[in-house]
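# Structure, please.
(2 chains)
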Amino acid sequence: MKRLPLAALLAAFFIFLALSVSIRQAVLMLVGVGMGAALAGARFGFTTGWRQLIEQRNPQGVAGQVLLLALASLAALPLLGQFSELQAALGPPSVSLLVGAFVFGLTMQIADGCGSGTLYKAGLGVPLNMGILPLFALGSFLGSVHLDSWLSLGQMAPVSFPAEYGTGGALALTLALLAAVLVAVRLWVGAGQTWLDKRWLWGAVALAVLATLNLLLAGQPWGVVYGFGLWAAKVSVALGAFDPTANAFWSQAGNAQRLTQTVFMDVTTITNIGILGGALWVSAKATANSQPLTTQQWVIGLVAGFVMGYSSRLAFGCNIGAMLSGISTGSLHGWIWVPLAFAGTLIGVRVRRHYQF
Amino acid sequence: MSNTHKLQAVFWLGLAAFLSWDFMVSAPVDLRNEPPLIAAGSGQATSGGHCSMVK
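Next up is the predicted model:
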């Protein structure tokens, strides 16, 4: 589709949301469009960045991600200290988190996209990612259905760095940990590597600004996974296949209420739709090149997408909800998520190679 | 029309169909209770769903 009619469609959707839902949701949709344009325009792939670091000792993607985390933290932590209305992305350290993050990191390499990666690549028109999206939603829903059982295996209360150390202490700790990540990367890649790349840099700056806008407007950090689980939950309820009143997660007041409301009132749904739209807008001038897949690769990719959705719920988020939002709002669970997901990725890149993706 | 373009059409039409169906069957939006444009400084606690939430 050409950019002009696409811009007209997005403008019409903005007006519809402003008139029929709320101005906030309409503006959040535009924030999502910006996220999608930045992710797709810069090809800001968390999955690719990690893979390039492992296979090519190329630090550019991870350096861009560290910059994004640092900028987002520099904005989010003081804002959380200033405005009591704003919520951090606090997930509980738990067995569920350990298993979920590891499996997520493994499967995101096979599916060639994390939560945001799947979204923007689907928006760009990459066939596998378009096929994965509904299965990711189904997996995310089933993960939420089983979450209570996973949590019964062991959990502790969420740990907030600002609550423990104050805003300044949390910021200092977060930046020190990010610096430690860069030192570890430097030890792995060795000397003489080019660390900075224009597209990773502008992508990081743009996404940090948009993530901060999301926090200011919505009152909560950027997330991807919850919206997908909600979509599949609504379809399951409508089909009579799921009774939310009998489930620990979906019978909770907030979740039960959201099942009765239109998904246009859900924050993560609105930014997810915006991301798809923003990536589609980019695809009008820069179509994505993807090699045709064999039947076996399709099956493996789709199964990986489903498991990725399931594990993202156990891990209390994907690269966005757990890593970016968790770390930038001072949640310990974000820092547990990263090494576990990276350990999973070490296996995932090998599986990916084995099946010749 | 290539297979990729067909898949794109199915994907976007499916998404539009889901969103339209959902808007039709869900409870009407109470526009009188519209949240403020900016949550920060509004005095209203946030109540949206997020993947980091246990419940």
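
# switch to C-alpha atoms for all contacts and neighbour counts from now on
Fine.

# How about the residue positioned nearest the centre of chain B: what's its closest non-neighbour residue?
The residue lying closest to the centre of chain B (Cα atoms, centre = their mean) is B:Leu19, at 7.7 Å. Leaving out its chain neighbours, the residue that sits closest to B:Leu19 by Cα to Cα, 6 or more residues apart in numbering or on different chains is A:Val263, at 7.6 Å.

# residues contacting the one you found?
A:Gly227, A:Leu230, A:Trp231, A:Thr269, A:Ile270, B:Leu19, B:Asp22, B:Phe23 (Cα atoms under 8 Å, 6 or more residues apart in numbering or on different chains).

# one step back: can you tell me which helix or strand the residue nearest to the centre of chain B belongs to?
helix B:3-25 (DSSP states H and E).

# cool, A:Leu196 as well?
Counting by DSSP H and E, A:Leu196 is found in no helix or strand.

# That one contacts A:Gln60, doesn't it?
Yes. A:Leu196 is within contact range of A:Gln60, at 5.6 Å (criterion: Cα atoms under 8 Å).

# Is there a neighbour count for B:Arg32? I'd like the number.
B:Arg32 is flanked by 7 other residues according to other Cα atoms under 10 Å in any protein chain shown.

# That one: what's it in contact with?
So B:Arg32 contacts nothing (Cα under 8 Å, 6+ apart).

# for it, helix, strand, or coil?
Following DSSP: H, G, I helix; E, B strand; the rest coil, the label given to B:Arg32 is helix.

# Next, count neighbours for residue 18.
Because you didn't say which chain, this covers chain A. The tally of other residues near A:Ala18 (other Cα under 10 Å) stands at 15.

# my bad, the chain I had in mind was chain B
Residues within reach of B:Phe18, counting by other Cα under 10 Å, total 14.

# swap in A:Leu4?
For A:Leu4, using other Cα under 10 Å, the count is 11.

# Below-threshold pLDDT in chain A: ranges please.
Residue ranges of chain A with pLDDT under 70: A:287-289.

# now the residue positioned nearest the centre of it: how far from A:Ser149?
Centroid-nearest residue in chain A: A:Ile320, 3.0 Å away (criterion: Cα atoms, centre = their mean). Going from A:Ile320 to A:Ser149 by Cα to Cα, to the nearest Å gives 24 Å.

# One more: A:Pro244?
For A:Pro244, the distance to A:Ser149 (Cα to Cα) stands at 15 Å.

# for A:Leu177, same thing?
Distance, A:Leu177 to A:Ser149, using Cα to Cα: 32 Å.

# Residues of the stretch 1-150 of chain A that sit close to chain B?
Residues of the stretch 1-150 of chain A that fall close to chain B, judged by Cα under 8 Å from any Cα of the partner chain: A:20-24, A:83-87, A:89-92, A:125-127, A:130.

# What residues does chain B have near chain A?
So chain B meets chain A at B:4, B:7-8, B:11, B:19, B:22-23, B:26-29, B:31, B:34-55 (Cα under 8 Å from any Cα).

# Buried among these? Make that a PyMOL selection.
Typed into PyMOL, the next command selects the buried ones out of the residues of chain B next to chain A (criterion: 16 or more other Cα atoms under 10 Å in any protein chain shown):
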select buried, chain B and resi 4+7+8+11+22+23+29+35+36+37+38+39+40+41+42+46+47+48+49+50+51+52+53+54+55
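
# Now intersect the residues of chain B next to chain A with the helices, please.
Of the residues of chain B next to chain A, the ones assigned to helices by DSSP state H are B:Thr4, B:Leu7, B:Gln8, B:Phe11, B:Leu19, B:Asp22, B:Phe23.

# Just say helix, strand or coil for A:Gly192.
Going by three-state DSSP: A:Gly192 is coil.

# That one and A:Ala18, how far apart?
Relative to A:Ala18, and taking Cα to Cα, A:Gly192 is found at 52 Å.

# Check A:Leu9 too.
14 Å.

# Likewise for A:Gly36?
Distance of A:Gly36 to A:Ala18, computed by Cα to Cα: 20 Å.

# swap in A:Arg352?
43 Å.

# Repeat that for A:Gly330.
33 Å.

# My read is that the residue nearest to the centre of chain A contacts A:Trp222, right?
Yes. In this structure A:Ile320 lies within contact range of A:Trp222 using Cα under 8 Å: 6.8 Å.

# And the contacts of A:Val263, which is closest to A:Ala204?
Checking the contacts of A:Val263 against A:Ala204 by Cα to Cα gives A:Ile270 as the nearest, at 21.4 Å.
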